[in-house]
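J.: Pasting the sequence and the predicted model now:
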Amino acid sequence: MLISASALRAQDSLQVVGIRSPMSRGEQPGFAIRIPQAKPKELGSGWKKYVRSQSKNSVSLEGNEWIMNRGPVKGLGEDSLISYARFREEAGATLGEFFIGTDDQNFFTGEHAKAALVRSWLREFGVQQYREAVEDELKQAERTLDTYEQELKSLENANENSEKRIRENKRDIDRLQSEIGENKREQEMKSQQILDQKKTVALYPEGEMRDIEEKKLKQLEKEKRRLEKDKESKEGDIDDKEIENKRMDKAIDENTRNVIPIKQELIGYQKNLVADIRKKLEGIR
């Protein structure tokens, strides 16, 4: 039975059918197969390798046709054969058209004695190429799933690390607040010492003893300024840690309520997709 190439869309996706179609040697009988997911460029390269695996014949691209030079082909008998093949993309698949015969004036029809052998030979090629396309799809889907799972793990680790950091900051804040309390007490003592030292300085007239006591006063005032700066530094550290904790709390909340659930949903979808592709691959015969 001869049908037009366009009618293949209604056929079994891996069914080889007889066609009659224009090609470089005029309108000729031939065979066609629609291979889902495959791309014309990859099919051209695949066809060349397939022919080389089945024969010693070379294949060259001339225009849009892959031409096999004359020679016997394994599985198609002892006859010296020639073939023209071309591939074009359509609706998520590639249509392969093949014109095979003893010479470029005598191409096999769908009723030829070798038609069954040719169909089997071409279908084997179609199955091989469809399987490779689906295997590539599966590898990409598995890579995507792996990426999603790594991203989820990173989000969970980020939450754990932030929670750990928040606990560390809280411990540091408690310690700093305790040190600030001690600092305040030391400042109060230092203020009293300064006040007492001022009274002592006032007891002495100008002279060596007054100079000694004034030096003691200056040292006490210097120590108090150091305590004040230390307190300001610790208060700044507390502010920084509280700001950091608020930022991390917000990030944890966003991850927990939104980002992680979305990622988990994507992983669930991707796992189903991988399972579907594996099922599809197992069904290719």
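T.: Everything's here; your move.
J.: so where's the stretch 151-285 of the chain shaky on pLDDT?
T.: Within the stretch 151-285 of the chain, no range satisfies pLDDT under 70.
J.: if you set the cut-off to 90 instead, what comes out?
T.: 285 (pLDDT under 90).
J.: One more: the stretch 1-150 of the chain?
T.: Judged by pLDDT under 90, the stretches of the stretch 1-150 of the chain that qualify are 1-14, 75, 77-79, 90-92, 103-106, 110-114.
J.: how does it look with 80?
T.: For the stretch 1-150 of the chain, the stretches flagged by pLDDT under 80 are 1-13, 104-105.
J.: Using the three-state scheme, assign the residue of the chain positioned farthest from its centre.
T.: Computed with CA atoms, centre = their mean, the residue of the chain farthest from its C-alpha average is P205, at 84.0 Å. Three-state call for P205 (DSSP: H, G, I helix; E, B strand; the rest coil): coil.
J.: ok, it to D211 distance?
T.: 11 Å (CB to CB, to the nearest Å). The way it works is simple: take the backbone N, C-alpha and C, and place the C-beta from them, glycine included.
J.: circling back to that earlier point, what backbone torsions are found at the residue farthest from the centre of the chain?
T.: The phi/psi pair for P205 (degrees, to the nearest 10) reads phi -80, psi 170.
J.: now do L61
T.: Per degrees, to the nearest 10, the backbone of L61 is at phi -90, psi 120.
J.: All further residue positions should be reported with the first residue as 22.
T.: With the count now opening at 22, the last piece we talked about shows up as L82.
J.: Quick check, it in contact with W68.
T.: No - at 9.9 Å, L82 does not count as touching W68 under the criterion of CB atoms under 8 Å.
J.: Settle it for me: which of the two has more neighbours?
T.: The neighbour count for L82 versus W68, taken as other CB atoms under 10 Å, is higher for W68 (23 against 14).
J.: Okay, the more buried one and I273: tell me how far apart.
T.: 55 Å.
J.: try A106
T.: In terms of CB to CB, A106 sits 59 Å off from I273.
J.: Which of the three states applies to G122?
T.: strand.
J.: Equivalent analysis for I305, please.
T.: coil.
J.: doesn't Q150 make contact with it?
T.: No - if you go by CB under 8 Å, I305 and Q150 don't touch, sitting 10.3 Å apart.
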